[in-house]
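Q: A structural model of the following input is requested.
(2 chains)
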Amino acid sequence: MNKRFALKLIAACAIAASATAGFAQEVIKIANIVELSGSGASAGTNFKNGVELAVKEINAAGGILGKKIQTTTNDTQSNPGVAKGLTQKAIDNDVFAIFGPVFSGSIMVSMAESRRAEVPNFTGGEAAGITEQGNPYVFRTSFTQASAMPKVARYISEQAKLKTLAIIYVNNDFGKGGLDALKKALANSPTKVVAEISTDNGQVDFSAAVLKAKQSNADGVFAYSNEEESARILRELRKQGWTKPIIGETTLTGQKVIELAGDAANGAIAHVGLTVDAPQPAIRAFRAKFEKEYKYVSDHNGMKGYSGIYILKAAIEKTGKLDRKAVAATLHTLKVKAADQPGVLMDVSFDAKGDLDRESFMIEVKNGKQEVVSILPPLGAGATPAAAAAAKK
Amino acid sequence: MTDFLQLLFSGLATGAIYALAALGFTLLWQASGTINFAQGEFVMLPAFMMLGFMSLGAPMLVSFVLTVLLAILVLGWVFKRGVVDPLFKYGMMPIVVATIGLSIFMRNGVRAGYSAEAHPFPSLFADKLFNIAGVTVTLQDIGTFVLAMAIVMGTQAFLAKTVTGRAMQAVAQNTESASVLGINVPRMIFYTFAINAVLAVAAALLVTPTYLAKFDMGEGLGNKAFFAAIIGGFNNSRGALVGGLLVGVCENLAAAYISPAYKDAVALVIFMVVILFKPQGLLGKKEERKV
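A: Modelled structure (predicted):
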């Protein structure tokens, strides 16, 4: 045996040994990098609890490909800089996938690290920009503004059948982004936008805005602002005797808005991507399990974390091996049915950018409580809301 | 026309809120020559104190009384002894800077200690709507307006008609002469701070149901109130009322008839116009220089 051959052999053995060591890891390590303190504390805690509940169930049922999942949790303090550092630390720790951060500002910064290390990274962030940068390792657990607004538009023109619409929006990136997405989605529909009423972040008095909406004689109003401002808009609408439909997106019927607006919230309708009040059996089961485990009702962030882990499980099982790159590739065209994998909660599909598509809900506030009034089909299902109308209970 | 009236009434209710906060500025200026840029936070903190007492089970009025006592201690006595007294001898500027710092400290303190979320605050008035000739007004709006007017007028009467009030003004106008005349200067100055604290609690009670209890609720309120105080006349409590109502109404009209985007600039524009033509404010008197 000559020297060169011996060296090659040793090198080959070393590579093989290290590769098998990689494959033969006993557990699948997952890092939770979430907001446990600071302004995102409530969202991050829910997300983490959802993740941990799913992990507990999967481990009890034998794990993924026979391997147990092991999670570690770190607090980003709602600070993008800290999130980036923690992501780097998790990668040094050789995790298989990263869950979080939930806030868009944080994932925007931290996902560069997971991309460099080629580690699948699931986020709860909803800013459109996250998946628009062509990062093949970032995946959403919820809708973006760009995918939610076409659904709202479809509801407004086809189900609520509003001929004219007034839009009250908050004049910042979030509000203008939503306004543009909604206008674009309504462009080829029978619904005309007759008033665009801009309001300020932190505005207190909405009497002029509501008056303008009334003067526009629109068949309904679309209210798109932050929580407190949404509550104030609802109160002012009620005060000025508004009786036509009030429609919004997620925030408008959030529990906090209902709490702040009181009776004025009754009758408000909004599109939400995920809600524990949905009538699907898998979501009912999730809600009960979560409440039993943590003694409170989960918000949509809990559902994002929980379904996210099951989506990862489905992707690994479809790939058939614990290979991060291959799993990420699988995720890009993944379609999972809730019938096969109840943990994903609803049938879900991913596109090439890492964005997801699935059914969503219209919520109406009745007696201070959210109630699902309609199920909207996935965007990819075409413009036939007939099925959704049939599902209306 | 009904639209105009609707805007006018809504504006008056908001303006009354500005006026209450502006009164704090003019009062401190008249009686102790101090500007407190933490005035907005002085309204925010009592709101959270009241919420705290109410969450312990105290009824609203009991919470109000307890908060008044606590506010006199913290926003009156501690503020005077801790911030104003040590800096007074260095002139106005250090106090201005210190109160700006104090406002940041109070805001972030509440955010860290309580939470960054807005909290609902019970209203003193029943949730009732009146429809008068097509204009809808809430009992909350009417009540806020009437009470704010009463408080401003009451404070004005106290300063002008009572011996203590006059003594307080004398101290502000000429501290040395006042002390020669046998007026207990430190006590009079403390009264001013105490009254300012009570006013802040009253403002919090009226304002918070609309503004919602939030750590940064004082920021915008403080700014508007400052402009309102200058517009009305910094050395006249009735000026605070006029300035507050003017800003509230003009803002609403501008938002409806020009554009909501310019709403927040309205106070600034009125402020600049008034300063150009009547530097002492609409109701203010020219101040004589102290010798």
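
Q: ok, the most centrally placed residue in chain A to residue A:265 distance?
A: What sits nearest the mean C-alpha location of chain A, by C-alpha atoms, centre = their mean, is residue A:142, with 2.1 Å. From residue A:142 across to residue A:265, the span is 23 Å (C-beta to C-beta, to the nearest Å). Glycine gets a C-beta too; all of them are placed from N, C-alpha and C.

Q: Need phi/psi at the residue in the stretch 51-200 of chain B that chain A sits nearest to.
A: Scanning the stretch 51-200 of chain B for the residue nearest chain A gives residue B:118, at 4.4 Å (criterion: C-beta to the nearest C-beta). Dihedral angles of residue B:118 (phi, psi; degrees, to the nearest 10) stand at phi -80, psi 140.

Q: Tell me the predicted confidence for it.
A: According to the prediction, residue B:118 has pLDDT 84.

Q: What of the one 5 residues further on?
A: What the model reports for residue B:123 is a pLDDT of 88.

Q: do the same with the one 5 residues further on
A: Model confidence at residue B:128, expressed as pLDDT, equals 83.

Q: next one: residue B:164
A: According to the prediction, residue B:164 has pLDDT 90.

Q: for it, what are its contacts?
A: The contact partners of residue B:164, by C-beta atoms under 8 Å, 6 or more residues apart in numbering or on different chains, come to B:158, B:188, B:191.

Q: in a helix, that's where it is, yeah?
A: Yes: the assignment for residue B:164, made by DSSP: H, G, I helix; E, B strand; the rest coil, places it in a helix.

Q: Point out the residues in chain A that sit beside chain B.
A: Counting by C-beta under 8 Å from any C-beta of the partner chain, the positions of chain A adjacent to chain B are A:39, A:171, A:197-200, A:202-205, A:207-209, A:211-212, A:215, A:227-228, A:231-232, A:239-241, A:256, A:259-260, A:262-263.

Q: and if we set it to 6 Å?
A: Taking C-beta under 6 Å from any C-beta of the partner chain, the part of chain A that reaches chain B is made up of A:39, A:198-199, A:204-205, A:207-208, A:211, A:228, A:239-240, A:259-260.

Q: any residues touching stretch A:80-95, and which ones?
A: Contact partners of stretch A:80-95, identified using C-beta atoms under 6 Å, 6 or more residues apart in numbering or on different chains, comprise A:29, A:31, A:33, A:74, A:76, A:98, A:101, A:105-106, A:109-110, A:113-114, A:117, A:119.

Q: most neighbours, which of these?
A: Taking other C-beta atoms under 10 Å in any protein chain shown to define a neighbour, the member of those with the most is residue A:101, carrying 35 neighbours.

Q: Just give the nearest non-adjacent residue to that one, would you?
A: If you skip the residues right next to it in sequence, residue A:101 has residue A:83 as its closest partner in space, 4.7 Å away by C-beta to C-beta, 6 or more residues apart in numbering or on different chains.

Q: do the same with residue A:380
A: If the residues on either side of it in the chain are set aside, residue A:380 comes closest to residue A:357, at 5.1 Å by C-beta to C-beta, 6+ apart.

Q: tally of neighbours for the one you found?
A: Residue crowding around residue A:357 was assessed by other C-beta under 10 Å; the count is 19.

Q: which residues touch it?
A: With C-beta under 6 Å, 6+ apart as the criterion, the residues that contact residue A:357 are A:349, A:378, A:379, A:380.

Q: Residue A:37: helix or strand, and which one exactly?
A: Using DSSP states H and E, residue A:37 maps to neither a helix nor a strand.

Q: Go ahead and confirm it touches residue A:77.
A: Yes: if you go by C-beta atoms under 6 Å, residue A:37 and residue A:77 touch, sitting 5.1 Å apart.

Q: ok, the two, which is more surrounded?
A: Regarding residue A:37 and residue A:77, a neighbour count based on other C-beta under 10 Å identifies residue A:77 as having more, with 18 against 14.

Q: Name the SS class of the more buried one, please.
A: In three-state terms, and counting by three-state DSSP, residue A:77 is coil.

Q: if I look at it, how far off is chain B?
A: When C-beta to the nearest C-beta, to the nearest Å is applied, the distance between residue A:77 and chain B equals 12 Å.

Q: Then residue A:97?
A: When C-beta to the nearest C-beta is the yardstick, residue A:97 and chain B sit 30 Å from each other.

Q: Tell me how many other residues surround that residue.
A: The tally of other residues near residue A:97 (other C-beta under 10 Å) stands at 25.

Q: And residue B:62, by the same measure?
A: By other C-beta under 10 Å, the residues close to residue B:62 number 13.

Q: Secondary structure element holding it?
A: With DSSP H and E as the criterion, residue B:62 is inside helix B:60-71.

Q: Touching that helix from outside, list them.
A: B:46, B:49, B:50, B:53, B:54, B:197, B:198, B:201.

Q: Next, format those as JSON lines and append distance to residue A:329, secondary structure and neighbour count.
A: As requested, the contacts of helix B:60-71 are arranged in JSON lines below (distance: C-beta to C-beta, whole Å; DSSP: H, G, I helix; E, B strand; the rest coil; neighbours: other C-beta atoms under 10 Å in any protein chain shown):
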{"residue": "B:46", "distance to residue A:329": "59", "secondary structure": "helix", "neighbour count": "28"}
{"residue": "B:49", "distance to residue A:329": "57", "secondary structure": "helix", "neighbour count": "22"}
{"residue": "B:50", "distance to residue A:329": "58", "secondary structure": "helix", "neighbour count": "27"}
{"residue": "B:53", "distance to residue A:329": "59", "secondary structure": "helix", "neighbour count": "19"}
{"residue": "B:54", "distance to residue A:329": "56", "secondary structure": "helix", "neighbour count": "18"}
{"residue": "B:197", "distance to residue A:329": "65", "secondary structure": "helix", "neighbour count": "28"}
{"residue": "B:198", "distance to residue A:329": "68", "secondary structure": "helix", "neighbour count": "20"}
{"residue": "B:201", "distance to residue A:329": "63", "secondary structure": "helix", "neighbour count": "26"}
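
Q: mind giving me a markdown table with those and columns for distance to residue A:298 and pLDDT?
A: Written out in a markdown table, the entries for the contacts of helix B:60-71 read as follows (distance: C-beta to C-beta, whole Å; pLDDT from 0 to 100):
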| residue | distance to residue A:298 | pLDDT |
| --- | --- | --- |
| B:46 | 35 | 95 |
| B:49 | 33 | 95 |
| B:50 | 32 | 95 |
| B:53 | 32 | 95 |
| B:54 | 28 | 94 |
| B:197 | 43 | 93 |
| B:198 | 45 | 92 |
| B:201 | 39 | 94 |
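
Q: Show me the strands in chain B, by range?
A: With DSSP state E, the ranges of strands along chain B come out as B:129-132, B:135-138.

Q: Show me the shaky parts of the chain.
A: Looking at chain A here, since you left the chain open. Judged against pLDDT under 70, the low-scoring parts of chain A cover residues A:1-25, A:382-393.

Q: meant chain B, my bad for not saying
A: For chain B, applying pLDDT under 70 flags the ranges B:31, B:287-291.

Q: who in it is up against chain A?
A: So chain B meets chain A at B:3, B:10, B:14, B:116, B:118, B:120, B:136, B:138, B:211-212, B:252, B:255-256, B:260-261 (C-beta under 6 Å from any C-beta).

Q: Closest one to residue A:192 out of these, please.
A: Comparing the residues of chain B next to chain A against residue A:192 with C-beta to C-beta picks out residue B:260 as the nearest, at 21.1 Å.

Q: Would you enumerate the residues in contact with residue B:282?
A: Residue B:282 neighbours (C-beta under 6 Å, 6+ apart): B:232, B:233, B:242.

Q: rerun at 8 Å
A: The neighbourhood of residue B:282, defined by C-beta under 8 Å, 6+ apart, consists of B:231, B:232, B:233, B:239, B:242, B:243, B:246, B:274.

Q: burial count for the second one?
A: As a burial measure, residue B:232 scores 31 neighbours (other C-beta under 10 Å).

Q: just checking, it touches residue B:240?
A: Yes: between residue B:232 and residue B:240 there is a contact under C-beta atoms under 8 Å: 5.2 Å.

Q: Helix, strand, or coil at the residue lying closest to residue B:210 once chain neighbours are set aside?
A: The spatial neighbour of residue B:210 that comes closest, neighbours along the chain excluded (C-beta to C-beta, 6+ apart), is residue A:204 at 6.3 Å. Of the three states, residue A:204 takes coil according to three-state DSSP.
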